[in-house]
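[1] requesting a structural model of the entry that follows:
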Amino acid sequence: MDKALGLIEYKSIARGIAACDAMLKAGNVELLVATVLCPGKFIAMVSGDVEAVRFAVRKGIEYDPPHVIADLVLPQVHASVFPALSATTTFELKGALGVIETVDAASGVIVGDTAAKAGNVNLLEIRLARGMGGKAFVALCGELAAVEAAVKSVEAKFKDEGILVATAIIPSPNRQLTF
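    Numbers count the residues shown, from 1 in each chain. The predicted structure follows:
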């Protein structure tokens, strides 16, 4: 069974927490993330089968629609997205490094999934908006050609949607580079 991922970003912490509870009570979903983001936002992310995730996200939105900033349901999410969201990947930074910066958390998840599906790259992390003014970024690595293909695929797909802030490809990152 392919796992789906569902996310709601709220502009109220209190209402976001209550909406997250509504999502969890709505069906058979697993809570991946429930946290406060900058600046004063709340994000709830769940996984499970597609229909359960769709229903949970719908219930979370219905809880308080005026406070919803963004929502998404990604069916058939790439398996590498889940460890990248929790920064539990086991990959070393080998080869080239690609970084894709987005305007918000939901866009970061979508971009990470798109990049993972675009080429033979390893998702290192999908960092969501904590301490970044509401932005997110995706870090990936692999052979230079694969990293370039993944980043260019994301740029081509989302260039007109206004969700990309910037991208960078570092062909041979210094071993001391951290982020």
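
[2] where does the most centrally placed residue in the chain land in three-state SS?
    The centroid of the chain falls nearest to residue 109 when counting by Cα atoms, centre = their mean (1.9 Å). Recorded secondary structure, residue 109: helix (DSSP: H, G, I helix; E, B strand; the rest coil).

[3] check it and give its pLDDT.
    Looking at residue 109, its pLDDT is 92.

[4] ok, it - contacts?
    Contacts for residue 109 (Cβ atoms under 8 Å, 6 or more residues apart in numbering) come out as 5, 7, 45, 72, 74, 81, 85, 126, 128, 136. Every C-beta, even on glycine, is put in place using the N, C-alpha and C of the backbone.

[5] touching, the fifth one and residue 4? I think so.
    Put plainly, it is residue 74. Yes - under the criterion of Cβ atoms under 8 Å, residue 74 makes contact with residue 4 at 6.2 Å.

[6] immediately after the host helix or strand of residue 82, which helix or strand?
    Element membership of residue 82 [criterion: DSSP states H and E] is helix 81-85. The first helix or strand that comes after helix 81-85 along the chain, using DSSP H and E, is strand 96-102.

[7] and that next one, what does it pack against?
    helix 105-118, strand 136-142, helix 144-158, strand 164-170 (3 or more Cβ pairs under 8 Å, 6 or more residues apart in numbering; DSSP states H and E).

[8] reformat these as CSV; add distance to residue 35.
    Below are the helices and strands packed on strand 96-102 laid out as CSV (distance: least, Cβ to Cβ, whole Å):
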stretch, distance to residue 35
helix 105-118, 10
strand 136-142, 13
helix 144-158, 24
strand 164-170, 21
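
[9] so which of these comes closest to residue 97?
    strand 164-170 (4.4 Å; Cβ to Cβ).

[10] give me the distance between that closest one and the centre of its chain.
    How far strand 164-170 lies from its chain's middle: 16 Å, per Cα atoms, centre = their mean, to the nearest Å.

[11] return the alpha-carbon coordinates of that strand using PDB.
    Coordinates of each C-alpha in strand 164-170 appear next as PDB, following Å, rounded to 0.1, in the frame of the first residue of the first chain:
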ATOM      1  CA  LEU A 164      10.400  28.900  -4.900                       C
ATOM      2  CA  VAL A 165      12.600  31.500  -3.200                       C
ATOM      3  CA  ALA A 166      16.000  30.200  -4.500                       C
ATOM      4  CA  THR A 167      18.000  27.200  -5.400                       C
ATOM      5  CA  ALA A 168      21.700  26.300  -5.200                       C
ATOM      6  CA  ILE A 169      23.800  23.500  -6.600                       C
ATOM      7  CA  ILE A 170      27.200  23.000  -5.000                       C
END
